[in-house]
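1. Following is a predicted model, sequence given first.
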Amino acid sequence: MIQVQLPDGTLLEEEDHVTALDVAAGISDGLKRATVAASIADNVVDAMRPLAELTDLRPVPLQLLTSRDAPAATVMRHSCAHVMARAIMRLYEGVGLAFGPVKGNTFYYDFDLATPIREDDFPRIEAEMKKIVKEKEPFERFTMNRDESIQLCSDLSQKLKIEHIETGLSDHESLSFYRQGEFVDLCRGPHIPHAGMIKAFKVLSVAGSHWKGDVSNPSLQRVYGTAFFDKKQLKAYLQQLEEAKKRDHRVLGNRLQLFTISPDVGQGLCLWLPKGATIRATLEEFIKAELLRRSYDPVYSPHIGRVELYETSGHFPYYRDSQFAPLFSHSAGQLVDYWIRCLDPEDADLTPPTDEEERKLLDAALVLGFSVEDFPVSGSANEKRDVLRMWEKRQERYLLKPMNCPHHVQMYKAIPRSYRDLPVRLAEFGTVYRHEQSGELNGLLRVRGLTQDDAHQFCTPEQVEQEFKDTLGLVKYVLDAVGLEDYRVQLSTKDPGSDKYVGSDELWQNAQETLRKVLTEEGLDYIETPGEAAFYGPKTDFMVKDCLGREWQLGTVQLDYNLPERFELEYIGTDNKPHRPVMIHRAPFGSMERFVGVLIEHFAGAFPLWLAPEQIRVLPLSEKSDDYAKDVASRLRQEGFRVGTDLQSARVQAKIRDAQLELIPYMLVVGPREAEQNAVAVRCRIDGDLGVMGFDDALTRLKKERDDRTIRQVVKSEFVAVDDGTGELAEY
RNA sequence: GCUAGCGUAGCUCAAUUGGCAGAGCUCCGGUUUUGUAAACCGGAGGUUGUGGGUUCGAGUCCCACCGCUAGCUCCA
């Protein structure tokens, strides 16, 4: 016998092989039908497995999970992924199974399949899934040892599963499989008792992916779907998705004329239209004022810098692929540069030229005016490379700056520094250019030209902690000012297994420890992500979600022990000897582009008074009141408001409708009555008609709301489309 | 960059099997002089992303390029 304890404390005596389903059946038939999975000490498990196998705890702390419990949906969606895979295997020949986890409200399954799956095929797939669900076949779990498992996968022609057993699961003695009719899949589970519990589902999209996320691995087809316990929920979810698309910053940016991106200018290069530019400028003024209070010094630096500068910093070699090509003053520059890379054994993408190709390269270079004393035509690749490099070094080469730090470092170096000067804080809205992959570009959220609200703080090692703490405070301050509360803090640390990082382990350990300490002291809940650090140091990132639930990095604070080393930065200490400062890179907004993009979605285009491009619009009742309207507008402008007037010959209803649709915070309706008593009829975008008030009263009210930076409405995102962390666990 | 899909007026979208490119909004002109989410009439606006091809005939079919979207990969 085995003792089972239910959440309400009830103790049950059950047979040795009792399952959660049996326990449910013992309570009521209805509960048995409703039981989707079980939870034992917060572990979600199969309801159809004997409890004794699942835990050593006695009594077994059992919680039955029904469709009302959130973890149950994850189990059901994972089972639905199996159902989808089964349907696809029925419809296509030679389907190789990869992974099929749950991600938030959705699930996907990766397939190795030569025939492309198209959107047109979704109805067919869904119809087949419906058949499977209707049959209500059970999910049956069984286990095998390694050899048997490999044999089984081999019999099923599932090569990827075999590879996974041999590599990813090399430490597993026993492996579990789930069978559902003819469909058998290596899978950790858990699953729902039978397919009939999937009440509503939809195949959403198909996209490419790679086996185990590695581009050098074969590409797979990833089919996304979603599933719910009832049709209404599915419908609501799909509707919510549609709603979310309406506040997409690309849609609103176009409708509200905030920005535009023209292919004629270039991919990922955004053009700030006056209204968007006003929002940006307002934010810039806001943070400039705060930086002044925090003893930052403003600086300016040019948009280009010598390639050598970035070679010294390490950015050029490390990020070359995502930078715009260097600008050479010599016509042969690009050619020689290409040639050098061909001769570089480290460059995996390019192979050394053949003799024939090399002759052509040399001829072309000569035509372009390349000249060296004696080019080692019959020399080794290394000799040639050295000669070409010598030539290249003599040329002027510039890079569109991908980072501001090297420029700021030079500013630090321009003046001898004493410990008394530190911390030195150099701030600049620095515009940088990065050649992001075309498939990555996304409205304002991922662009090729961006302006960081950047600053570099140079301090003594002893000051790092306080400086880092103050900077976190600044990031929180700016997020607070716009009412962004729904963010996640991420501490990105070094991946101990990788060699991409610079600096000693000890330095990294100390730096990471400092960051952890300060984050904890500041009461910030954070998630540590090993391997996400910059190559020069650990960082703290503030992550927010866009309208489709995708996560983006906004503010960032990064520690850097590397650049001071590379540029040999110094300050004179109390001992009258040179010491090395520490650098902090930080950008509370991140980039103006991304921040404004996120804000557009955060406010669904309806900006609070202090940020709205047009804060107030004065609406004369008819042409008779045009002059008074102009007068009111002009007086408000004197008070620093951004004011428009609507002098169309239209009814006031139409003018109001236009202003509402343009999401203007306040409308002032003025007619003869108002003109007579120096009054305005105030209409608020949110609350509607507020009635007539004297001009001065209205002004006081508006000024207060603006100067307090009052936020009256933000969009709360309810739906979860990103990985909630439970997904990958569901798959072996 | 990769996989898949998409590209018709400034915007949102129509255009049967390949058979005369169309509507609403915006915009412009006129009438109207208006009290809290659309007054009325008229007009303009297009080499259907670009370039080739198939065809008597292409918005529609094929190829290449450009761009966009989703996902993957990348992200200083």
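-> Thanks, I have it.

2. going forward, measure contacts between C-alpha atoms and count neighbours the same way
-> OK.

3. For stretch A:427-438, list every residue counted as buried.
-> Judged by neighbour count using 16 or more other C-alpha atoms under 10 Å, the buried positions of stretch A:427-438 are A:427-436.

4. restrict the residues you listed to those near RNA strand B?
-> Among the buried residues of stretch A:427-438, the ones lying near RNA strand B by C-alpha under 7 Å from any atom of the strand are A:434-436.

5. Save those residues as TSV, and put in distance to A:V223, secondary structure and pLDDT too.
-> Putting these into TSV (distance: C-alpha to C-alpha, whole Å; DSSP: H, G, I helix; E, B strand; the rest coil; pLDDT from 0 to 100) gives the following:
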residue	distance to A:V223	secondary structure	pLDDT
A:R434	31	coil	97
A:H435	30	coil	97
A:E436	26	coil	96
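
6. just those now: which is nearest A:F201?
-> Closest approach to A:F201 among those (C-alpha to C-alpha): A:E436, at 35.8 Å.

7. List the contacts of the closest one.
-> A:322-323, A:447-448 (C-alpha atoms under 8 Å, 6 or more residues apart in numbering).

8. Those: which ones sit near RNA strand B?
-> A:322-323.

9. returning to what we had before: can you tell me which of the ones next to RNA strand B among the buried residues of stretch A:427-438 is closest to A:E126?
-> A:E436 (36.8 Å).

10. re earlier: possible to save the buried residues of stretch A:427-438 as TSV with distance to A:D374?
-> TSV is the format used below for these (distance: C-alpha to C-alpha, whole Å):
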residue	distance to A:D374
A:A427	48
A:E428	46
A:F429	47
A:G430	43
A:T431	42
A:V432	39
A:Y433	38
A:R434	37
A:H435	36
A:E436	39
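
11. and those residues, which of them are in strands?
-> A:427-433 (DSSP state E).

12. Got the phi and psi for the closest residue to A:P274 other than its chain neighbours?
-> Leaving aside its sequence neighbours, A:P274 sits nearest to A:L258 (C-alpha to C-alpha, 6 or more residues apart in numbering; 6.9 Å). Main-chain torsions, A:L258, degrees, to the nearest 10: phi -90, psi -40.

13. Check A:K539 too.
-> Taking degrees, to the nearest 10 as the convention, A:K539 sits at phi -150, psi 160.

14. list the contacts for it?
-> So A:K539 contacts A:491-493, A:533, A:556-559 (C-alpha under 8 Å, 6+ apart).

15. and RNA strand B, which of these contact it?
-> Within the contacts of A:K539, those near RNA strand B by C-alpha under 7 Å from any atom of the strand are A:A533.

16. if we take the contacts of A:K539, which one ends up nearest to A:I340?
-> Of all the contacts of A:K539, A:A533 has the smallest distance to A:I340: 30.5 Å, by C-alpha to C-alpha.

17. is it true that the closest one touches A:Q490?
-> No. Here A:A533 lies out of contact with A:Q490, judged by C-alpha atoms under 8 Å, at a distance of 10.2 Å.

18. ok, now which ones touch whatever residue of the stretch 401-550 of chain A ends up closest to RNA strand B?
-> For the stretch 401-550 of chain A and RNA strand B, the shortest gap (C-alpha to the nearest atom of the strand) falls at A:G439, measuring 3.1 Å. A:G439 makes no contacts at all, as judged by C-alpha under 8 Å, 6+ apart.

19. From the chain's centroid, how far away is the helix or strand encompassing A:E243?
-> Element membership of A:E243 [criterion: DSSP states H and E] is helix A:231-246. Chain-centre distance of helix A:231-246: 22 Å, with C-alpha atoms, centre = their mean, to the nearest Å.

20. buried ones in that helix?
-> For helix A:231-246, by 16+ other C-alpha under 10 Å, it's A:234, A:237, A:241, A:244-245.

21. and A:E93, how far is that from RNA strand B?
-> 17 Å (C-alpha to the nearest atom of the strand, to the nearest Å).

22. how much space between that residue and A:G213?
-> Separation of A:E93 from A:G213 (C-alpha to C-alpha, to the nearest Å) stands at 24 Å.

23. Can you list the buried residues in the longest helix belonging to chain A?
-> For chain A, the longest helix by residue count, based on DSSP state H, is helix A:70-91. Neighbour counts over helix A:70-91 (16+ other C-alpha under 10 Å) mark A:71-90 as buried.

24. so who does A:L368 touch?
-> A:L368 neighbours (C-alpha under 8 Å, 6+ apart): A:331-332.

25. for the buried residues of helix A:231-246, which one is nearest A:E522?
-> A:A244 (33.1 Å).

26. And the helices in the stretch 251-400 of chain A?
-> Using DSSP state H, counting those that start in this stretch, the helices of the stretch 251-400 of chain A run over residues A:274-293, A:307-313, A:315-319, A:333-343, A:355-367, A:381-394.

27. Please compute how far the longest one lies from its chain's middle.
-> For helix A:274-293, the distance from its own C-alpha centre to the chain's C-alpha centre is 24 Å (C-alpha atoms, centre = their mean).

28. now stretch A:74-90
-> Centroid separation between stretch A:74-90 and its chain, computed with C-alpha atoms, centre = their mean, is 28 Å.

29. Dump the contacts of A:E436 into TSV; add pLDDT and neighbour count as well.
-> Shown next, in TSV, are these (pLDDT from 0 to 100; neighbours: other C-alpha atoms under 10 Å):
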residue	pLDDT	neighbour count
A:S322	93	15
A:Q323	95	19
A:V447	97	24
A:R448	97	23
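
30. Mind checking which of the contacts of A:E436 are in strands?
-> Among those, DSSP E puts none in strands.
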